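A.B. asks: please find the sequence and the predicted model below.
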Amino acid sequence: MESFTVQVFPVARPDEWRAFCESAATGQRADSHRQMLRRLGVKREHIYLAGPQTMVLVWEGLDQKEVGQKMADMLENPQSEHERYLATYVIPVVHGVDPSMGAPPEVEQIVTIET
């Protein structure tokens, strides 16, 4: 894996969140979600549920130092109906995060340990 990002988000509505994830992966939103990921420079997206209400998002192909600005730009200037849906519904309602708070906090890499 060349570069990747990790972000953690709350999940305020787990059932709606799962339905959205399925739609983005293989359903009605799959094509538009992939277009957004390509536009952001993401090669592969991994979505995990950590506990009942925490999402861990891993994007391959995007450096951790770029993710905050790219997400903020996408939320402030959505380029498609799908991005507008993320900015106006998924993030504020399904995740319970106020998009006007700006970019997610920076994740600082401390060490890499190889075996």
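C.D. replies: Sure, I can see it. This is a predicted model, so every value here is computed, not measured.
A.B. asks: quick check: residue 4 vs residue 20, distance?
C.D. replies: 22 Å (CB to CB, to the nearest Å). C-beta coordinates here come from the backbone N, C-alpha and C atoms, glycine included.
A.B. asks: what of residue 11?
C.D. replies: Taken as CB to CB, the span from residue 11 to residue 20 is 10 Å.
A.B. asks: same deal with residue 75?
C.D. replies: 16 Å.
A.B. asks: and the strands in this structure?
C.D. replies: 4-10, 44-49, 54-60 (DSSP state E).
A.B. asks: of all these, which one is nearest residue 68?
C.D. replies: strand 4-10 (8.9 Å; CB to CB).
A.B. asks: now the helices for the protein?
C.D. replies: 14-26, 30-40, 64-76, 81-85 (DSSP state H).
A.B. asks: state the mean pLDDT of the third one.
C.D. replies: Pointing back at helix 64-76 there. In this model, helix 64-76 carries a mean pLDDT of 87.
A.B. asks: could you dump that helix to CSV, C-alpha only?
C.D. replies: Presented in CSV, the C-alpha positions along helix 64-76 are these (Å, rounded to 0.1, in the frame of the first residue of the first chain):
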residue,chain,number,x,y,z
GLN,A,64,-3.0,11.4,5.3
LYS,A,65,-1.8,15.0,5.0
GLU,A,66,-4.2,15.6,2.1
VAL,A,67,-7.4,14.1,3.4
GLY,A,68,-8.5,17.0,5.6
GLN,A,69,-8.4,19.6,2.9
LYS,A,70,-9.9,17.2,0.3
MET,A,71,-12.8,16.3,2.5
ALA,A,72,-13.4,20.0,3.5
ASP,A,73,-13.3,21.0,-0.2
MET,A,74,-15.8,18.2,-1.1
LEU,A,75,-18.1,19.3,1.7
GLU,A,76,-17.9,23.0,0.9
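A.B. asks: what is it packed up against?
C.D. replies: Where contact means 3 or more CB pairs under 8 Å, 6 or more residues apart in numbering; DSSP states H and E, helix 64-76 is packed against strand 4-10, helix 30-40.
A.B. asks: going by mean pLDDT, which of those comes out lowest?
C.D. replies: The bottom spot among these, by mean pLDDT, belongs to strand 4-10, with a mean of 88.
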